[in-house]
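Peer 1: Sequence first, predicted coordinates after that:
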Amino acid sequence: MRGTRLFGVILTLTLVGPASAQVPAPPPAVPSAPASPLSPLDNYAAAASTTIIAEQACPGVQVRAGQLTTLRLAARVNPGQEAVLEEKLRTRASQVRQQLAADGREAWCAEALAAFGPQGTIAKGVLATGAPIR
């Protein structure tokens, strides 16, 4: 069942836009509003969107599906949240693609790897380079 949900997430992100995607940019801050922490679903949507788009846009980069699944489990996504998550994924993927276009592929890919690669500052090892992933 987890594989089916992960496939659905990947399919949703693939259908949302072209493979020339972008890195996730935080939503613009509203100056008069107090800062609020992102929900676990928001965090997962940002990570999933960024890493899946990085695999599409960055040469030699692959998503380690097991690591992405671990992030999903940590977000505690339950079946009742699927529709909300799909909408968050669509929205976040659009933001990521805009950021990719604004930053340029080389800079965006470097940021995505810094955040989610082997030494990731956000989540280590979700993205890998080089050897095929098993």
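Peer 2: Looks like it arrived, so ask away.
Peer 1: Can you report how many residues neighbour residue 100?
Peer 2: Counted with other CB atoms under 10 Å, the neighbours of residue 100 add up to 28. Using the backbone N, CA and C atoms, a C-beta is placed for each residue, glycine as well.
Peer 1: and it, that's in a helix?
Peer 2: Yes: assessed by DSSP: H, G, I helix; E, B strand; the rest coil, residue 100 belongs to a helix.
Peer 1: Hmm, residue 106 and it touching each other?
Peer 2: No: applying CB atoms under 8 Å, one finds residue 100 not in contact with residue 106, separated by 10.5 Å.
Peer 1: I'd guessed residue 71 sits against residue 48; true?
Peer 2: Yes: between residue 71 and residue 48 there is a contact at 7.3 Å, judged by CB under 8 Å.
Peer 1: Neighbour count for these two, which is higher?
Peer 2: residue 48 (28 against 19).
Peer 1: Pretty sure the more buried one sits in a helix.
Peer 2: Yes: applying three-state DSSP, one finds residue 48 inside a helix.
Peer 1: And it, how close does it get to residue 40?
Peer 2: To residue 40, residue 48 is 12 Å away according to CB to CB, to the nearest Å.
Peer 1: quick one: least confident helix or strand in this protein?
Peer 2: Lowest mean confidence among the helices and strands of the chain (mean pLDDT, DSSP states H and E): helix 2-16, at a mean of 40.
Peer 1: can you count the residues close to residue 98?
Peer 2: There are 16 residues near residue 98, going by other CB under 10 Å.
Peer 1: can you count the residues close to residue 62?
Peer 2: 17.
Peer 1: Tell me the helix or strand right after the helix or strand hosting it.
Peer 2: Assigned by DSSP states H and E, residue 62 belongs to strand 61-63. Note on strand 61-63: by DSSP H and E, the next helix or strand toward the C-terminus is helix 65-75.
Peer 1: now for that following helix, which elements pack on it?
Peer 2: helix 2-16, helix 40-57 (3 or more CB pairs under 8 Å, 6 or more residues apart in numbering; DSSP states H and E).
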